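Task: produce atomic coordinates for the following.
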Amino acid sequence: MAEITRRRTGEFLRELFSILLAAPEGLRASEALQVLASRVTLSPYEADSYESGGRRFEKIVRFATVDCVKAGWLVKDKGIWSITDEGRAAHAALVDPEAFYKRACKLYAEWKAAQPDAEAPAAAGPAVAGGADDVGSNAKAVSVTFEMAEEEAWAEISRYLQGMNPYEFQHLVADLLRAMSYHVSWVSPPGKDGGVDIQAWPDALGTRLPRIKVQVKRQQQAVSVEGLRSFMAVLGDDDVGLFVCTGGFTKDAEAEARTQEKRRINLINLKKLFDLWDEHYDKLTDQARRRLPLRSISFLAPGG
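As a prediction, this is how the structure comes out:
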């Protein structure tokens with residue numbers, strides 16, 4: 001039976017890291033794997049597909065990235081993979097593919113041994129056990145299954161929100177604020193809004209500060225620092241600003257918001273908006289839930 005060696009797995013991982021290092025904001029896992037496949041020559045065994053779907057190559061790489069995550073080299077967030085500073089340093093220091101992967105496996109084993117339910121250590125990784133064919137016998141299989149399901153779910157949710165009518169999306173944000181116990185006193189109708197789409201207060205009478213001013217942008221591109229400053233210009237001394245944008249914010253805009261001394265401003269990207277929606281879902285009205293209905297599905301908790 002064909003096997004995937006540690007060196008071969010390390011080659012995959014080092015090339016994957018090179019791809020991700022060129023994308024500081026991270027890449028979707030599917031996109032990163034597609035680019036990786038175009039940069040390496042797959043053997044017939046690696047390129048072969050499972051009856052259940054998916055190439056063996058992709059399962060091998062996903063399996064090996066579990067070690068990298070627990071090593072602190074790689075972060076996975078709703079299907080977006082990005083390299084940490086520790087991962088950047090490891091990639092620069094461990095140029096030998098086998099040494100690179102072995103170090104990740106060692107760090108994974110150390111993490112696993114430190115868990116309360118730690119068991120006797122098993123043979124590490126697909127390198128010694130025939131690659132992804134043995135994933136099912138390892139706790140890492142649960143992590144891989146879970147992350148692939150999360151990626152697919154998030155991709156669908158993201159597309160749904162990105163395609164929502166802008167004014168419907170604006171009302172979704174207002175519904176969320178109500179579920180968070182804020183009183184929404186005004187939602188901008190279609191047309192010019194003067195830079196404020198929603199206004200809310202901590203109390204129904206508007207007697208308690210701060211007043212909350214919200215700008216909502218349903219767009220693909222990230223908000224620049226100039227766009228952020230335009231919104232901050234409409235904030236008074238007693239206001240808190242919430243800037244919601246599906247396209248996120250540039251690094252400069254994030255730094256500007258973080259270092260503000262006179263203006264209180266919170267930036268909410270698509271991921272944070274969804275997390276808040278999920279967190280407060282039980283407090284949403286039935287009408288609000290229809291804007292973004294969710295249903296929980298149970299998975300075996302990842303332990304690897």
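
Spell out the residue ranges of the strands in the stretch 1-150 of the chain.
Ranges of strands in the stretch 1-150 of the chain, per DSSP state E, counting those that start in this stretch, are 27-28, 74-77, 80-83.

For residue 184, which of these is the nearest?
strand 74-77 (29.4 Å; CB to CB). Glycine gets a C-beta too; all of them are placed from N, C-alpha and C.

Next, the buried residues of that closest one.
Buried residues in strand 74-77, counted by 16 or more other CB atoms under 10 Å: 74, 76.

ditto for stretch 242-250
Those would be 242-246, 248-250, for stretch 242-250 by 16+ other CB under 10 Å.

now these in JSON lines, with secondary structure, distance to residue 62 and pLDDT?
Output for those, formatted as JSON lines (DSSP: H, G, I helix; E, B strand; the rest coil; distance: CB to CB, whole Å; pLDDT from 0 to 100):
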{"residue": "242", "secondary structure": "strand", "distance to residue 62": "36", "pLDDT": "98"}
{"residue": "243", "secondary structure": "strand", "distance to residue 62": "35", "pLDDT": "98"}
{"residue": "244", "secondary structure": "strand", "distance to residue 62": "32", "pLDDT": "98"}
{"residue": "245", "secondary structure": "strand", "distance to residue 62": "30", "pLDDT": "97"}
{"residue": "246", "secondary structure": "coil", "distance to residue 62": "27", "pLDDT": "96"}
{"residue": "248", "secondary structure": "coil", "distance to residue 62": "25", "pLDDT": "94"}
{"residue": "249", "secondary structure": "strand", "distance to residue 62": "29", "pLDDT": "96"}
{"residue": "250", "secondary structure": "coil", "distance to residue 62": "30", "pLDDT": "94"}
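
Let's have the residues you listed in CSV, adding distance to residue 145.
Listed next are the buried residues of stretch 242-250 as CSV, based on distance: CB to CB, whole Å:
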residue, distance to residue 145
242, 36
243, 36
244, 32
245, 32
246, 28
248, 28
249, 32
250, 35
